[in-house]
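Asker: With the input below, show me the fold.
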Amino acid sequence: LIGTYQGDQVSRSSPLFRLLADPGRDFALEEIALGGLGVEDTRSMVRAMTGIGKIDDGFNSRVYEETRGNPLHIAELIAHLAEEGLLEPGGERHPDVEALNDTPLPGKIRSLLECRLDRLEDDAALVLRTVAVLGPEAVEAETVSAVSGMRWEAAVARMLDLRSDGILIRELDHAGSPVYRLSRPALGELALSGCADDELKQIHRAAVSFLDRKGIPRTYNAWAAFASHAVSAGLPGRAIEAWSMAGDLASRLFANRDAIDAYSQALDLARGDRSSSGTLMCGLFSRRGRSRSRTGEFGLAEEDFRWMLARAEKDGEEGIKARAHLLLGGLFEDRSRYDQAQENLELTLEIAGRLDLPDLSAQAMIALGRIDGVLGDVDRGREHMDRAVRFAAGHQLPDRQVSALLALGALERDQGDSVALSL
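Answerer: A predicted model of the protein is given here:
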């Protein structure tokens with residue numbers, strides 16, 4: 001007689017536990033511990049089931065990650081993909097790793113995993129939900145303890161129990177400290193599916209509080225994770241702030257695509273948050289527009305600057321209006337639309353002069369001088385540059401004074417080249 005069981009299914013009150021522990025049984029019994037298939041054995045099983053000679057490494061890794069090498073889970077998963085038309089047995093088309101990301105769990109696997117999670121004690125279930133909320137990256141016991149509200153010793157004990165049950169995996173981070181993550185991604189979805197909204201929101205709020213105490217995040221992904229927790233915790237203002245910081249960090253590193261994505265996330269949240277000010281939204285439009293112009297998306301950048309201008313006019317924010325005209329002027333200059341550039345820069349000068357905004361005035365003068373030089377009106381360009389130098393010096397703006405001097409030098413150099421060519 002051959003039978004199978006999982007260790008986490010056998011409690012002390014189970015008849016099977018008493019049978020296994022009975023030293024006086026009158027029959028021979030041998031236990032063989034069966035682990036999951038390895039990565040290459042998983043590949044062999046998938047190849048045998050599908051009839052496809054070459055199994056892509058990425059697809060095989062995702063199958064192994066999702067099933068942990070459990071043959072029943074592998075069989076159910078491959079059969080499900082075939083039924084859904086996402087995999088063609090015997091065909092030449094290699095399985096697509098994206099198919100695993102988009103398909104739901106097969107019913108039998110889902111039921112088996114749900115049964116395992118239903119047997120967890122309350123503390124272990126709380127730890128699992130906390131890890132699922134903090135995931136998918138591996139987390140430290142300190143983090144789980146702080147977010148769950150459990151004592152560190154109790155959190156570690158429950159995490160070790162979950163590791164014994166095959167639900168968590170224990171690893172070492174780059175510093176050699178133990179960290180934990182879910183053994184398969186589907187467990188996170190199942191752990192949170194039955195969680196009450198209020199409890200889930202509370203876990204996310206606790207995560208925001210913990211991350212606040214840890215200090216300012218230093219990476220884009222850390223800011224993005226903070227924003228995600230803030231959204232789920234019902235704290236849109238904190239999420240907008242975090243996405244803005246993520247965008248600023250990406251922009252400083254010239255990761256303009258990431259910056260655009262972050263500013264877009266912040267703007268989407270700000271549009272739905274009545275407490276978001278026009279000044280906040282204008283700042284986000286400005287920063288996203290600059291990132292878009294750096295990637296060559298000039299049309300989208302212009303849209304952002306015009307949205308900024310429209311919102312400033314609606315709110316009566318003349319200073320922001322002047323900045324929007326300056327941004328539009330610079331964008332049109334880059335696109336050689338000089339008439340429009342000059343029009344916007346002159347508007348910047350008029351508004352900035354009226355409001356006493358010397359930095360904006362100096363920038364507009366320098367840009368107007370450059371455009372004059374490009375259009376061949378060197379004397380007028382020199383006049384703008386000289387004025388910008390004196391203006392910046394008088395208002396103690398050394399950076400703008402240097403910029404004006406450099407622009408004037410470039411204008412004189414180009415004029416010298418023209419003279420040389422004419423000779």
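
Asker: Where is the longest helix in the protein?
Answerer: helix 398-422 (DSSP state H).

Asker: what separates that one from the chain centre, distance-wise?
Answerer: Taking Cα atoms, centre = their mean, to the nearest Å, one finds helix 398-422 lying 43 Å from the centre of the chain it belongs to.

Asker: Apart from its chain neighbours, what residue comes closest to residue 73?
Answerer: Closest residue to residue 73 apart from its sequence neighbours, by Cβ to Cβ, 6 or more residues apart in numbering: residue 67 at 3.8 Å. For the C-beta atoms, the positions are set from N, CA and C on the backbone; glycine is no exception.

Asker: Give me the residues contacting the helix or strand containing residue 352.
Answerer: For residue 352, the host element (DSSP states H and E) is helix 338-355. Where contact means Cβ atoms under 8 Å, 6 or more residues apart in numbering, the residues beyond helix 338-355 that reach it are 318-319, 321-323, 325-326, 328-333, 357-358, 360-361, 363-365, 367-368, 371, 374-375.

Asker: The residue nearest to residue 73 reaches residue 78, doesn't it?
Answerer: No - Residue 67 is beyond contact range of residue 78, at 9.6 Å (criterion: Cβ atoms under 8 Å).

Asker: Between those two, which has more neighbouring residues?
Answerer: For residue 67 and residue 78, the more surrounded residue by other Cβ atoms under 10 Å is residue 67, and the numbers stand at 25 against 21.

Asker: Return a ChimeraX selection command for the buried portion of the contacts of helix 338-355.
Answerer: Command for ChimeraX that selects the buried part of the contacts of helix 338-355, burial taken from 16 or more other Cβ atoms under 10 Å:
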select :321,322,323,325,326,328,329,330,331,332,333,357,358,360,361,363,364,365,367,368,371
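
Asker: Among the contacts of helix 338-355, name the ones in helices.
Answerer: Using DSSP H, the members of those that fall in helices are 318-319, 321-323, 325-326, 328-333, 358, 360-361, 363-365, 367-368, 371, 374.

Asker: Show residues contacting the helix or strand in which residue 269 is found.
Answerer: Take DSSP H and E as the rule and residue 269 turns out to sit in helix 256-272. With contacts defined as Cβ under 8 Å, 6+ apart, helix 256-272 is touched by 220, 223-224, 227, 231, 236, 239-240, 243-244, 246-248, 250-251, 276, 280-281, 284-285, 287-288, 291-292, 294-295.

Asker: Who are the packing partners of the helix or strand that comes right after it?
Answerer: Once the chain leaves helix 256-272, the next helix or strand it forms, by DSSP H and E, is helix 278-294. When contacts are defined as 3 or more Cβ pairs under 8 Å, 6 or more residues apart in numbering; DSSP states H and E, helix 278-294 sits against helix 236-252, helix 256-272, helix 298-315, helix 318-334.

Asker: Buried residues, the third one. List them.
Answerer: In other words, helix 298-315. 298, 300, 301, 302, 304, 305, 307, 308, 309, 311, 312.

Asker: Columns pLDDT on top of those, output as a markdown table?
Answerer: Output for those, formatted as a markdown table (pLDDT from 0 to 100):
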| residue | pLDDT |
| --- | --- |
| 298 | 96 |
| 300 | 97 |
| 301 | 97 |
| 302 | 97 |
| 304 | 97 |
| 305 | 97 |
| 307 | 97 |
| 308 | 96 |
| 309 | 97 |
| 311 | 95 |
| 312 | 95 |
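
Asker: I appreciate the help and will end here.
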